[in-house]
Structures are given as structure tokens and as C-alpha cells.
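[1] what's the 3D shape of this:
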Amino acid sequence: DGAYTGTENIKQASDQNIKVVAKLNITIAQGARKEEDKFDYNKDADRFVCPAGHIAIRKAKQGKKNVGKNQAETHYFDVEKCKSCPLKEGCYKDGSKTKTYSVTVKSNLHQKQIAFQETDFYKDKAKHRYKIEAKNSELKNVHGYDRATSYGIDSMQMQGAMAIFTVNLKRILKLI
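    Residues are numbered from 1 along each chain as shown. The predicted structure follows:
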């Protein structure tokens with residue numbers, strides 16, 4: 001499902017007022033962090049806190065807006081505290097001038113998709129996705145719709161029509 005929620009797909013769907021009923025790619029929705037790498041976020045200070053309890057001294061945004069890549073928010077920690085920290089093993093490299101922790105800032109497009117995933121409409125429609133995916137799998141794996149057999153859009157449309165016709169015919173015969 002994550003393949004359907006690429007930025008371009010969501011943008012085109014949004015422009016055409018289409019709702020994408022597919023889960024947002026996990027690395028966008030939750031980030032790609034291991035559990036032991038997670039720093040805590042202090043909402044009141046609007047800063048991250050390292051596992052040892054040291055709060056970031058400043059933060060800055062990296063990257064440009066609306067250029068196809070999400071911006072990152074980088075939090076800077078006091079290196080003097082890191083030098084004497086009991087948890088510095090694997091966290092701070094001796095001699096480093098800075099210690100940072102960065103998180104990706106989700107675009108408005110991704111934030112809207114995350115909010116949409118919490119709605120009852122999405123949850124209801126998502127319950128039926130498995131049926132569609134099963135039919136797509138049958139078309140691709142059983143009836144050869146995974147690879148075009150001829151060149152050109154007309155040939156591809158004909159191949160698709162024939163595969164879908166075959167699947168529907170099998171269904172009709174099974175119901176009779």
C-alpha cells in the first residue's frame with residue numbers, strides 16, 4: 001500500500017479531489033528510527049531530550065520548502081555535557097564539535113494524509129482493500145497482467161481488457 005502514497009500520487013489525487021485509501025509509507029508516517037535511537041520530545045520546551053536527559057540548546061530547519069524533499073528539523077546539544085555523559089558510547093564521538101539530532105518535518109500534503117487516515121471514512125474503506133488487492137494479485141500472477149506482451153498503449157489496454165474479461169467470466173461460471 002505504501003507504494004500508492006508517494007508524494008506525486010497524493011498531490012495528483014488531491015488536485016483531482018480523490019481520496020487515497022492506502023496507508024502512508026511507514027518511513028514518512030513514523031520515521032526510520034530504531035527504538036533505542038529515539039530521543040524524547042519535550043512539548044513545553046519545543047526541543048528534543050537525549051536519553052541521558054539533556055535538552056537541546058537550539059534547533060534549526062534544514063532544506064528548502066516545496067522542492068520535492070521534506071525539510072529536517074535539527075536539534076543541537078551541548079557538546080560539553082556530551083563529553084562527560086555516561087551514555088556517550090555510541091552517541092557522541094570524541095573530538096566532535098557538535099552533537100545533533102534531526103527529524104523530518106512532514107509536508108502539509110503528508111500531514112493531511114495522516115489526518116485522513118484517522119477518519120471513519122478511511123477506516124471503513126480500508127477494510128475492503130484486501131478484496132481489491134486479491135483481485136489485482138490474481139490478474140497479475142494468474143492471468144499475466146504483470147507484464148505487457150505487446151508494445152503501445154492500445155495493446156496494453158487490450159491485454160488489460162482481456163485479463164479482466166477472463167477473471168469476470170471465471171467468476172460468472174463459478175456463481176452459476
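[2] can we go C-alpha only for contacts and neighbour counts from here?
    Noted.
[3] in contact with the closest residue to Ala56 other than its chain neighbours, which residues?
    The spatial neighbour of Ala56 that comes closest, neighbours along the chain excluded (Cα to Cα, 6 or more residues apart in numbering), is Phe77 at 4.5 Å. If you count contacts by Cα atoms under 8 Å, 6 or more residues apart in numbering, Phe77 has them with His54, Ile55, Ala56, Ile57, Arg58, Thr98, Lys99, Thr100.
[4] again, 10 Å this time
    48-50, 54-59, 98-101 (Cα atoms under 10 Å, 6 or more residues apart in numbering).
[5] same deal with Ile132?
    Glu138.
[6] my reading is that it lies in a helix. Confirm?
    Yes. According to DSSP: H, G, I helix; E, B strand; the rest coil, Ile132 belongs to a helix.
[7] check the secondary structure at Tyr101 for me.
    Under three-state DSSP, Tyr101 falls in the strand class.
[8] over to Phe48?
    Assigned with three-state DSSP, Phe48 falls in the strand class.
[9] that older thread, just give me the closest of the contacts of Phe77 to Lys125.
    Using Cα to Cα, Phe48 comes nearest to Lys125 of these, at 36.4 Å.
[10] which non-adjacent residue is nearest the closest one?
    Tyr41 (4.4 Å).
[11] relative to Val49, how far out is the one you found?
    According to Cα to Cα, to the nearest Å, Tyr41 and Val49 sit 6 Å apart.
[12] more crowded one of those two?
    More crowded of Tyr41 and Val49, by other Cα atoms under 10 Å: Val49, with 20 against 14.
[13] these two touch, right, the residue nearest to Phe48 and His54?
    No. Counting by Cα atoms under 10 Å, His54 is not a contact partner of Tyr41; they are 11.3 Å apart.
[14] now do the shared contacts for the two.
    The contact sets of Tyr41 and His54 overlap at Phe48 (Cα under 10 Å, 6+ apart).
[15] how about low-confidence regions in the chain?
    1-3, 25-37, 64-70, 105 (pLDDT under 70).
[16] please export the C-alpha coordinates of the longest helix along it as PDB.
    Longest helix in the chain, counting residues (DSSP state H): helix 153-175. The C-alpha trace of helix 153-175 is given here as PDB (Å, rounded to 0.1, in the frame of the first residue of the first chain):
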ATOM      1  CA  ILE A 153      -1.000   1.800 -25.100                       C
ATOM      2  CA  ASP A 154      -3.600   0.200 -27.300                       C
ATOM      3  CA  SER A 155      -2.100  -3.300 -26.900                       C
ATOM      4  CA  MET A 156      -1.800  -2.800 -23.200                       C
ATOM      5  CA  GLN A 157      -5.400  -1.700 -22.900                       C
ATOM      6  CA  MET A 158      -6.500  -4.800 -24.900                       C
ATOM      7  CA  GLN A 159      -4.400  -7.100 -22.700                       C
ATOM      8  CA  GLY A 160      -6.000  -5.500 -19.600                       C
ATOM      9  CA  ALA A 161      -9.500  -5.800 -21.100                       C
ATOM     10  CA  MET A 162      -8.900  -9.500 -21.900                       C
ATOM     11  CA  ALA A 163      -7.400 -10.300 -18.500                       C
ATOM     12  CA  ILE A 164     -10.300  -8.600 -16.700                       C
ATOM     13  CA  PHE A 165     -12.800 -10.300 -19.100                       C
ATOM     14  CA  THR A 166     -11.300 -13.700 -18.300                       C
ATOM     15  CA  VAL A 167     -11.400 -13.100 -14.500                       C
ATOM     16  CA  ASN A 168     -15.100 -11.900 -14.700                       C
ATOM     17  CA  LEU A 169     -16.000 -14.900 -16.900                       C
ATOM     18  CA  LYS A 170     -14.500 -17.300 -14.400                       C
ATOM     19  CA  ARG A 171     -16.400 -15.600 -11.600                       C
ATOM     20  CA  ILE A 172     -19.700 -15.800 -13.600                       C
ATOM     21  CA  LEU A 173     -19.100 -19.500 -14.200                       C
ATOM     22  CA  LYS A 174     -18.300 -20.100 -10.600                       C
ATOM     23  CA  LEU A 175     -21.600 -18.400  -9.500                       C
END
